[in-house]
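Novice: below is the sequence, then the predicted model.
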Amino acid sequence: MKRVIFVNILILLTFAGISYWSEEKERLRETLSERAKEQEVLTDSGREQGKSTQEEEEEAQMDPKEEEKPAEAEEPKKDYIKWVDFGVSKFALAEAYEYDRDSYGTKAHISWIDLLAYTAAYTGGDFHNNQTVCQHMDQLKEMIGQGEELSKVVKDLEYFPYYQEAYGAVLGGMVGEYEIEVPTGDKKKPKTWEKRYGLKAFSPIARGFPYNDYDDFGSSRSYGYKRNHLGHDMLGQIGTPIIAVESGYVEALGWNQYGGWRIGIRSFDKKRYYYYAHLRQGFPYQPELREGSVVLAGDVIGYMGHTGYSTTEDTNNIDETHLHFGMQLIFDESQKDGDNEIWIDCYQLTNFLYRNQSETARNDDTKEWRRVYLMKDPSAEAYERTADYSMYP
Ligand SMILES: [Zn+2]
């Protein structure tokens, strides 16, 4: 190729005067570019077959240098997180969250995600030792408090970006600004709206309904096929109101032979999929819910039961009444279903969320439970409402 170019240049130089050189140079570049394309098509004709005229025209406009790259390099490589072990303890979640909330609006403010990611970058994601956790968090608080920038502080921490993205995917929708009704103690006007910054995610179990749980993530299950338990079981009474942990939209609703009556709720940023399963026989959900419905954190979405492990709809085939609560992370849509799913251990997280349980009340006519204190979530307001139903009255 180089020799051809050289000969061409010589020929053109011979026939064209030096005074025309600048004009000729441009024309020459075009000529060579055409040649390069011909060459490409001839040597790689197999790849060119089946291409539309439009595709060929688009390619013709490309710089020849671009075409010489291998085919794989033409598409940007997709790089996304493939696996997350969420080992953050309830203690660490609480410590990081309280600092985030209390420092909000000040120069010393650090997001809880950054505090946890900073700690994990040193411990490899191990949060077993509370003292170690505190040491790392205190270190970051001190540096930020002295006016140092986070980006500079973490620039040599190799794994900080990974943990920041991974923990951001888990916790990203749980803390922020919101408005909520609060009790006033005044009988004439028992509730008033309050603007807040803080935890806006709720426990999956309504306030006042007892439940038991232990860390059962990954233990084996045998119904259908041998597999690991990819969620967290919360054992309680039939009919216990089940609460939306985070605001989002209903992505799945109906019968599944493993989960029984189940609801899948996707966060608005699409990174989290919440799975609530084994809901009550006969009356599993809030009846207005449809696929696409928007729900707010703290809303009653359904009721605890023991349906599932059957291909027949509305069958109770689970021994112990419980909510199966699962949380899946999705960095790329290819991870939603199949062999690349990422489910995290929610035991510590649900224990942390216990501090924010939704108050509910029963309507004696409909026998339905509803939240008592309404909330306004900016993330839900920002979401383009595709739903034909809103939990707001
Ligand atoms: Zn379960």
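Specialist: Arrived safely.

Novice: wasn't residue 323 part of a strand?
Specialist: Yes: according to DSSP: H, G, I helix; E, B strand; the rest coil, the state of residue 323 is that of a strand.

Novice: residue contacts, it?
Specialist: 204-205, 211, 233-234, 236, 240, 242, 276-279, 304 (C-beta atoms under 8 Å, 6 or more residues apart in numbering). C-beta coordinates here come from the backbone N, C-alpha and C atoms, glycine included.

Novice: checking the residue in the stretch 151-300 of the chain that the ion sits nearest to next. Helix, strand or coil?
Specialist: Closest residue of the stretch 151-300 of the chain to the ion, C-beta to the ion: residue 233 (4.1 Å). Under three-state DSSP, residue 233 falls in the strand class.

Novice: so of the contacts of residue 323, which ones are in strands?
Specialist: Of the contacts of residue 323, the ones assigned to strands by DSSP state E are 233, 234, 242, 276, 277.

Novice: who wins on neighbours among the contacts of residue 323?
Specialist: Using other C-beta atoms under 10 Å as the neighbour criterion, residue 242 leads the contacts of residue 323 with 30 neighbours.

Novice: isn't it right up against residue 301?
Specialist: Yes: contact criterion C-beta atoms under 8 Å: residue 242 and residue 301 qualify, at 5.7 Å.

Novice: low-confidence ranges, the stretch 1-150 of the chain, go.
Specialist: By pLDDT under 70, the weakly predicted segments of the stretch 1-150 of the chain are 1-77.

Novice: go with 90
Specialist: Where the stretch 1-150 of the chain drops to pLDDT under 90, the residues are 1-78.

Novice: in terms of contact, does residue 377 touch residue 247 like I think?
Specialist: Yes: with contacts counted by C-beta under 8 Å, residue 377 reaches residue 247, the gap being 4.6 Å.

Novice: of the two, who's got more company?
Specialist: Between residue 377 and residue 247, counted using other C-beta under 10 Å, residue 247 has the larger neighbour count: 27 against 23.

Novice: local confidence estimate at the more buried one?
Specialist: With respect to pLDDT, residue 247 scores 97.

Novice: one more: residue 226?
Specialist: Note for residue 226: predicted pLDDT of 71.

Novice: that one against residue 220, yeah?
Specialist: Yes: Residue 226 is within contact range of residue 220, at 6.5 Å (criterion: C-beta under 8 Å).

Novice: wait, what's in contact with the residue nearest to residue 174 when sequence neighbours are not counted?
Specialist: Leaving aside its sequence neighbours, residue 174 sits nearest to residue 201 (C-beta to C-beta, 6 or more residues apart in numbering; 3.8 Å). If a contact means C-beta under 8 Å, 6+ apart, then residue 201 has 173, 174, 175, 245, 246, 297, 353, 356 as its contacts.

Novice: please apply the same query to residue 336.
Specialist: Residue 336 touches 273, 328, 330, counting by C-beta under 8 Å, 6+ apart.

Novice: and the gap between the last one and residue 309?
Specialist: Distance, residue 330 to residue 309, by C-beta to C-beta, to the nearest Å: 26 Å.

Novice: more neighbours: which of these two?
Specialist: The residue with more neighbours, out of residue 330 and residue 309, is residue 330; 21 against 18, by other C-beta under 10 Å.

Novice: residue contacts, the more buried one?
Specialist: By C-beta under 8 Å, 6+ apart, the contact list for residue 330 reads 270, 271, 272, 273, 336, 342.

Novice: closest to residue 125 out of the residues you listed?
Specialist: Nearest to residue 125 among the contacts of residue 330: residue 342, at 14.1 Å, using C-beta to C-beta.

Novice: what about the closest one, how many residues close to it?
Specialist: Residue 342: 20 neighbours (other C-beta under 10 Å).

Novice: the residue of the stretch 51-200 of the chain found nearest the ion is in what secondary structure piece?
Specialist: Proximity of the stretch 51-200 of the chain to the ion (C-beta to the ion) peaks at residue 86, 16.7 Å away. Assigned by DSSP states H and E, residue 86 belongs to no helix or strand.

Novice: quick check: residue 295 touching residue 302?
Specialist: No: assessed by C-beta under 8 Å, residue 295 is found out of contact with residue 302, at 10.4 Å.
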